[in-house]
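Student: structure for the following, please:
(chains A and B)
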Amino acid sequence: MNLRHLPLTGLLGLLLTGPVVAADWMQFRGPDGNGVSPDAQLPRTLDAQSVVWTADLPGRGVSSPIVVRDRVFVTSTSGPRNAELRVLCFALSDGHLIWERQFWATGRTMTHEKISGATPTAVSDGEHVFALFSSNDCAALDLDGNLLWYRGLGKDYPNANNSLGMSSSLAIADGTLVAQVESQSESFTAGLDPATGRNRWRIERPRTSNWTSPVVFRDPEGRTLVLLLSSNGLVAVDARDGSRVWSHDDKGSTVPSVTASGGRLYVPSNGLTVLEPVAGAKPKSVWRSTQLRTGTPSPVVLGNRVFLLNDGGILSCGDATDGKRLWQLRLDGPFSATPVVAGGLLYCVNEKGLVQVVDPSKPEGERVSTLPLGQTVIATPSIASNSLFVRSDGRLWRIGRASPL
Amino acid sequence: MILSPRRLFLGLVSGLLTLVSVSAVVPSSALNALRSVGPEGQGHEAAQKAWPLVAAAPAKDLPQLLAAMDGANDYAMNWIRTAIEAVVQREIGSGGTLPVASLESFLKDTRHNPRARRLAFDLIRRADPRAADGLVPGFLNDPGNDLRREAVDRLVADAGKQVATDKAAARDTYRKALQSAREADQIESIAKTLGDLGEKVDLPQTFGWVTRWKLIGPFDNTGNRGFTQAYPPETVVDPKAEYPGKSGPVRWVDAEAQGDYGIVDFNKPFGALKEVAGYAVAEFVSDKARPAEIRLGCKNGWKVWLNGKFLFGRDEYHTGAEIDQFRLPVQLRAGTNVLLVKCTQNEQVEDWTKEWEFQLRVTDAQGTPIRSSR
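Tutor: Purely as a prediction, here's the structure:
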């Protein structure tokens, strides 16, 4: 790094904070949006001593925590009709509450009882936190809780909502904040300017219920694409203007999302369909397997293995090169949360709050340890600072190693 | 501690403003900028400059910030609220105190925005829980539901304690709570408890469902195209008319909303049909011109008109229904008002997609039923 070119404020920030921790988890399913931590090491054996700290949470929420530098951010909703929207900031080191901001929902807050108004996961650009709720309210705050802007997408577009609730998480693609807001009565995906909250683009989307989340993908031509999956198929749009680049017009899932890994796209569609984007053409279909099916959790890829977890708890391992099913392992279900990966191990949390660590390198896969948390967990966990972050409605756990920042 | 350039800037602004504004008032231009935000990011740039100025206000100015919510739109309310929270966070964090007396004065002035008053109450409760606790019974007939709920919950708790020793007194207390309750969850809960104590609550009367309707159908909704198709009742409501329907001529028939929840069921006169549309019409007599809300619960596609004016509609199917699911602000005219509801059924055949129905009531903004005077 050439310090002569670092702005004064940046230099001050560097001196005051030290180097940025590489292992932040700033969006749903982590740095690459595929559930894999590139560098974290979590304990293989979990027990009660693995819990570094816990923090109480208000109201309800099934969004994932995100971790930015020395802070953990969680969203919740509370109050009559879950109309109080909350963004909470906790200290990574000891879990104490640093600040909280509350908002009044401007859109509809009705949801299925299994989820809540805080189902979409927030996203961060490292300087700000952008929090979306089922009501399609979207708040932008800096890491100290200062408001950058507030949008009521549910009020701006009052028919774009679902009485079962909305769950698509936010993504940041090439400097554009992407909100996928898709439902039967009105559907769109918007690219917002993170600095002002204004629309950069807004595209019409199929008018069907959809709970998948957008995935950011850099294609072979170097473009940043936003992948949008719905029952009508998979569409790739250019992050700069929302224009359609290509589509895969086959029936797609409306709950689990696409997983991008190793230049390929693992699409929950007719079981599992694997696509490989190529320059100047539609993506190449690599293989399809009806034996590899997921439920609510999204696919996870680790090396040349792909893992699918169904709602009942059957973990299927397939060969990522050809889709051949290699083994199945029965875990204790049911599951809503997508597994996350660190150090070659899968961390799976079922709805009963049982954390199950799976070593997939064993011939048939092996569950190597468990940790009961004793509360219902729907949210996908997060990984940062060599720790697993799990949230229920009422509690946030840091599990793993309390490494220094 | 982390300082990005923007946060460093905000910190410097905050610090400087705190130094110079301990006795100053918040610039009205800053508050106006927050109040001027609107749809699709309108006014954000000006509000972004103003927000740190408002958030730097001394705690003594909290009532002024709360008052800025009077007449503010929903977007602006949240901009102001976060600034208030920043003020409170800084004051409490530095060992200061909140101005409980002036907050209480603000709270007691029912001309202020109900949500702002609720926020004032929360601040009082944070600073002085005992003082806040003593205020709760006074909210029983508050114009703000968020405060009223507190008092209703208190009465319900009191009644619960009475049950073991004096059931008659408990019933009286529950009845009093029910009289003040305006939100469906509280009404249902209290009614159930009274039922357990042997007293049946007249729920249709309590909720104020519109119960006398005329229905017509089925019209065609194949492929959901009937949702946008304007069938004759959308042009003129003629109770004696006959129109071509999906499977033959259709006429208006009388229908009564059924059960505790005022369900208007199209399946009853027309059969369990799929890919169909129907209309319901009701006359609603208001003794005066007044603002009101039409509150609808429906798991089918729907459109609503009042006196020939289209209000809103959505074609979402079978994702759930609840009381007051959709709230449509309207202006009733003195005399007869005509309510028209279009209700469409889609192609799904699962057991849980059979319903082709809605429930509707007319209330004031707080949820107090307004009943047709004829």
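Student: contacting residues around B:Glu188?
Tutor: B:Glu188 is in contact with B:Leu203, counting by CB atoms under 8 Å, 6 or more residues apart in numbering or on different chains. C-beta coordinates here come from the backbone N, C-alpha and C atoms, glycine included.
Student: can you give me the helices in the chain?
Tutor: Just going to use chain A. Assigned by DSSP state H, the helices in chain A fall at A:8-17, A:153-156.
Student: right idea, wrong chain: chain B
Tutor: Under DSSP H, chain B gives helices at B:5-21, B:28-35, B:44-55, B:62-67, B:74-93, B:100-108, B:114-127, B:129-135, B:145-162, B:167-180, B:184-196, B:203-207, B:267-270.
Student: nearest approach to B:Gln366 belongs to which of those helices?
Tutor: helix B:145-162 (5.9 Å; CB to CB).
Student: counting contacts, what elements does the closest one pack onto?
Tutor: Packing partners of helix B:145-162 (3 or more CB pairs under 8 Å, 6 or more residues apart in numbering or on different chains; DSSP states H and E): helix B:114-127, helix B:167-180, helix B:184-196.
Student: buried residues, it. List them.
Tutor: Buried positions in helix B:145-162, judged by neighbour count with 16 or more other CB atoms under 10 Å in any protein chain shown: B:145-156, B:158-159, B:162.
Student: mean pLDDT for the helices of chain A: which is lowest?
Tutor: Note on the helices of chain A: helix A:8-17 shows the lowest mean pLDDT, a mean of 36.
Student: what about stretch B:306-326, how long is it end to end?
Tutor: This stretch, stretch B:306-326, spans 15 Å end to end (CA to CA, to the nearest Å).
Student: quick check: mean pLDDT of that stretch?
Tutor: 97.
Student: and if you look at stretch A:42-50?
Tutor: 96.
Student: stretch B:261-279 now?
Tutor: 97.
Student: and that stretch, how far out from the chain middle?
Tutor: Between the centre of stretch B:261-279 and the centre of its chain there are 27 Å (CA atoms, centre = their mean, to the nearest Å).
Student: for the stretch 201-350 of chain B, which segments count as strands?
Tutor: B:212-220, B:242-245, B:248-251, B:253-256, B:264-265, B:276-286, B:290-297, B:301-306, B:309-314, B:326-332, B:335-345 (DSSP state E, counting those that start in this stretch).
Student: pull the contacting residues for the residue of the stretch 201-350 of chain A found nearest chain B.
Tutor: Using CB to the nearest CB, the closest approach of the stretch 201-350 of chain A to chain B is made by A:Ser209 at 6.8 Å. Applying CB under 8 Å, 6+ apart to A:Ser209 gives the contacts A:162, A:164, A:182-184, A:254, B:319.
Student: got it, and B:Thr363?
Tutor: B:208, B:292-293, B:295, B:369-370.
Student: ditto for A:Ala105
Tutor: Neighbours of A:Ala105 in contact, by CB under 8 Å, 6+ apart: A:77, A:82-85, A:117, A:133, A:135, A:137, A:154.
Student: what does the stretch 151-300 of chain B put close to chain A?
Tutor: B:183, B:185, B:299 (CB under 8 Å from any CB of the partner chain).
Student: at 10 Å instead, please
Tutor: B:183-186, B:224, B:227, B:298-299 (CB under 10 Å from any CB of the partner chain).
Student: how about those residues, which pair is most distant?
Tutor: That would be B:Gln186 and B:Asn224, which, of those, are the farthest apart (CB to CB) at 36.5 Å.
Student: follow-up on the earlier one: just the buried ones from the residues of the stretch 151-300 of chain B next to chain A?
Tutor: Judged by 16+ other CB under 10 Å, buried ones among those: B:183-184, B:186, B:224, B:227, B:298-299.
Student: ok, A:Lys324 - how many residues close by?
Tutor: Using other CB atoms under 10 Å in any protein chain shown, the number of residues around A:Lys324 comes to 13.
Student: torsion angles phi and psi at it?
Tutor: A:Lys324 adopts backbone torsions of phi -70, psi 130, taken as degrees, to the nearest 10.
Student: got the confidence number for it?
Tutor: Per-residue confidence at A:Lys324 stands at 97 (pLDDT).
Student: return the member of the contacts of B:Thr363 nearest to B:Val330.
Tutor: B:Ala292 (5.5 Å).
Student: against chain A, how distant is the closest one?
Tutor: 19 Å (CB to the nearest CB, to the nearest Å).
Student: surely that residue is in contact with B:Leu311?
Tutor: No. Using CB atoms under 10 Å, B:Ala292 is not in contact with B:Leu311; the gap is 11.7 Å.
Student: list the contacts for B:Gln64?
Tutor: B:25-26, B:28, B:31, B:54, B:57, B:102, B:106 (CB atoms under 10 Å, 6 or more residues apart in numbering or on different chains).
Student: residues in contact with stretch B:152-167?
Tutor: B:133, B:136-137, B:139-140, B:142, B:145, B:168-183, B:186-187, B:189-190, B:193-194, B:196-199.
Student: give the buried subset of the residues you listed as a ChimeraX selection command.
Tutor: If you want just the buried ones from those in ChimeraX, going by 16+ other CB under 10 Å, the selection is:
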select /B:136,139,140,142,145,170,171,173,174,176,177,178,180,181,182,183,186,187,189,190,193,194
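Student: give me the buried positions along stretch A:244-259.
Tutor: A:245-246, A:248, A:252-259.
Student: close to chain B, is it?
Tutor: No. Stretch A:244-259 lies out of reach of chain B by CB under 10 Å from any CB, never closer than 12.2 Å.
Student: endpoints of that stretch, how far apart?
Tutor: Using CA to CA, first and last residues of stretch A:244-259 are 19 Å apart.
Student: tell me the mean pLDDT over that stretch?
Tutor: Mean predicted confidence for stretch A:244-259 is 96.
Student: centre of the chain to it, how far?
Tutor: 17 Å.
Student: ok, how many other residues are close to the closest residue to B:Lys214 other than its chain neighbours?
Tutor: The shortest distance from B:Lys214 to any residue other than its chain neighbours is 4.4 Å, reached at B:Trp252 (CB to CB, 6 or more residues apart in numbering or on different chains). B:Trp252 has 21 neighbours, counted by other CB under 10 Å.
Student: equivalent analysis for A:Gly95, please.
Tutor: Count around A:Gly95 with other CB under 10 Å applied: 16.
Student: so it sits right up against A:Cys89, yeah?
Tutor: No. Assessed by CB under 10 Å, A:Gly95 is found out of contact with A:Cys89, at 11.1 Å.
Student: identify the contacts common to those two.
Tutor: A:Val72.
Student: and for residue 306, the neighbour number?
Tutor: Answering for chain A, as no chain was given. A:Val306, neighbours per other CB under 10 Å, totals 27.
Student: nope, chain B
Tutor: There are 20 residues near B:Leu306, going by other CB under 10 Å.
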